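> Sequence unavailable; structure follows:
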Ligand SMILES: Nc1nc2c(c(=O)[nH]1)N[C@H]1C(S)=C(S)[C@@H](COP(=O)(O)OP(=O)(O)OC[C@H]3O[C@@H](n4cnc5c(N)ncnc54)[C@H](O)[C@@H]3O)O[C@H]1N2
Ligand code: MOO
């Protein structure tokens, strides 16, 4: 039997045929977290003119170099209402923050340093320097400059910037539609009293939240019992819903009631792989059902979440045109000794803290069983253990992935 795929090879297979989804135009106010499908250039220059940064008086610097200057006020310049005239020698214009600097004026004196008496103003202090309190045209950005690049996931601040560049809508990749299908006779939804041997359905809540956090829309395909006909019917529902990604949980292993792969194969899925050299998550399955990317996650709650972090997240990012596919790993020190690893890459649930030197410390939780949600809840990260990694003493180097909150 061929050796199971490594995590890296498996991820490459999952991503193999994934291409960014088509582009749509979305109002800028709705585009938070969406991924740009084209470079975005400024449609205008900001600020469009030299403007005042303060409430005060627009003056000629030469007139106010010394304290005590007395000038004649010839007009008023609120923001949005430029002044037609020009400020000559010995003259000032009353100006407000954002007001366009009138011709002739080159400096602003703040009103706190001014005493107004009818048409004259006297300044108690010198202006400081030429151009004081003036924001020059184009100081923020100039028309034509690309400020947001294709592939960028738009932050809140990016929305303000895109709007300032005068884009009422932005081109983004369509959100992936992720169908979530849980399998298992033993599962009942939260709030239902479980019958004998039954447990409460849980892992899909974390996976759905993770998918939405990554920009996907989720479709709940429900919980199906371990029966071929019902599993097939749910797969058909997924197709009818037009999902881009079908995520199944449970029924992925080798037991008599693990029917997910059989049901998918009967519907025409082309299997890419099943089983990888990883812990937790060995029975991970990947394939294609027509255009649908299928990820069969193991049922154990920790296994399903960890495989979703490592495989679903990059797939969703690729479908949205992102360049940064994987959640990056970073250096840390082990908070406790870690034993040598076997042939499966291990992802230990770990709490993260920092030591006196400011180093990130990853301390594995005591019980690493893949069914345990309580320790998963305590963990902030995954301490990565490559296949055959040697033991690490407490304080020794390791690498971690931060889990999304
Ligand atoms: N003989 C073998 N048995 C098992 C193997 C193996 O290689 N040989 N692999 C083990 C590993 S590793 C894993 S992981 C599990 C994965 O099995 P399945 O994907 O078939 O998952 P199930 O059997 O359906 O469920 C496992 C466990 O998780 C609970 N579960 C399932 N779905 C949910 C859910 N949505 N919410 C909460 N809990 C869920 C389920 O009740 C089971 O307890 O197989 C091992 N066995
Ligand atoms: O691979 Mo299983 O996920 O170890 O429990």
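It's in. Everything numeric here is computed off the predicted structure, so don't read it as measured data. Ligands and ions are numbered 1, 2, ... in the order given.

> who touches stretch 146-154?
Contacts to stretch 146-154, defined as CB atoms under 8 Å, 6 or more residues apart in numbering, come from residues 31-42, 141, 158, 161-162, 165, 170, 172, 215, 320-323. For every residue, glycine as well, the C-beta is placed using N, CA and C.

> hmm, 7 Å instead?
The contact list for stretch 146-154 (CB atoms under 7 Å, 6 or more residues apart in numbering) reads 31-42, 141, 158, 161-162, 165, 321-323.

> do the same with stretch 199-218
Residues from elsewhere that reach stretch 199-218 (CB under 7 Å, 6+ apart): 33-35, 175-178, 180, 182, 186-190, 194, 223, 247, 249, 301, 304-305, 308-309, 312-313, 316-317, 320, 373, 404.

> and that stretch with ligand 2, contact?
No: Stretch 199-218 does not reach ligand 2 (CB under 6 Å from any ligand atom); its nearest approach is 11.4 Å.

> Let me see the mean pLDDT of that stretch.
Averaging pLDDT along stretch 199-218 gives 97.

> buried stuff in it?
Buried residues in stretch 199-218, counting neighbours by 16 or more other CB atoms under 10 Å, are found at 201-204, 206-208, 210-211, 214-216, 218.

> again, but for stretch 92-105
92, 93, 94, 95, 96, 98, 99, 100, 101, 102, 104, 105.

> Can you tell me, leaving aside adjacent residues, what's nearest to the residue of the stretch 201-350 of the chain found nearest ligand 2?
Going by CB to the nearest ligand atom, ligand 2 is nearest to residue 303 of the stretch 201-350 of the chain, at 2.9 Å. In this structure, residue 303 finds its nearest non-sequential neighbour in residue 280, 3.8 Å apart by CB to CB, 6 or more residues apart in numbering.

> now the helices for the stretch 251-400 of the chain?
Applying DSSP state H, counting those that start in this stretch to the stretch 251-400 of the chain gives helices spanning 260-266, 301-307, 313-319, 373-378.

> Now do the third one: which elements does it pack against?
Think helix 313-319. helix 7-15 (3 or more CB pairs under 7 Å, 6 or more residues apart in numbering; DSSP states H and E).

> Need the contact partners of the helix it packs on.
With CB under 7 Å, 6+ apart as the criterion, helix 7-15 contacts 272, 273, 276, 278, 284, 286, 310, 311, 314, 315, 318, 345.

> Can you name the next helix or strand after it?
strand 23-27 (DSSP states H and E).

> and that following strand, which strands flank it?
Applying DSSP bridges, strand 23-27 is found paired with strand 169-173 (antiparallel).

> List the residues that contact whatever residue of the stretch 301-405 of the chain ends up closest to ligand 1.
The minimum distance from the stretch 301-405 of the chain to ligand 1, using CB to the nearest ligand atom, falls at residue 303 (4.1 Å). Each residue near residue 303 by CB under 7 Å, 6+ apart is listed here: 280, 281, 370.

> got the buried residues of stretch 199-218 as a markdown table, with secondary structure and distance to ligand 1 columns?
Formatted as a markdown table, these follow (DSSP: H, G, I helix; E, B strand; the rest coil; distance: CB to the nearest ligand atom, whole Å):
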| residue | secondary structure | distance to ligand 1 |
| --- | --- | --- |
| 201 | coil | 5 |
| 202 | coil | 4 |
| 203 | helix | 4 |
| 204 | helix | 5 |
| 206 | helix | 9 |
| 207 | helix | 9 |
| 208 | helix | 11 |
| 210 | helix | 14 |
| 211 | helix | 15 |
| 214 | coil | 19 |
| 215 | coil | 23 |
| 216 | coil | 18 |
| 218 | strand | 14 |
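
> Between which two of those is the distance greatest?
201 and 215 (24.4 Å; CB to CB).

> How much space separates residue 217 from residue 380?
27 Å (CB to CB, to the nearest Å).

> Who are the contact partners of the residue nearest to residue 370 when sequence neighbours are not counted?
Closest residue in space to residue 370, ignoring its immediate chain neighbours: residue 280 at 3.7 Å, by CB to CB, 6+ apart. Shown in contact with residue 280 (CB under 7 Å, 6+ apart): 300, 302, 303, 306, 347, 370.

> Need the buried ones from those selected in PyMOL.
Buried residues among the contacts of residue 280 (16+ other CB under 10 Å), as a PyMOL selection:
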select buried, resi 300+302+303+306+347+370
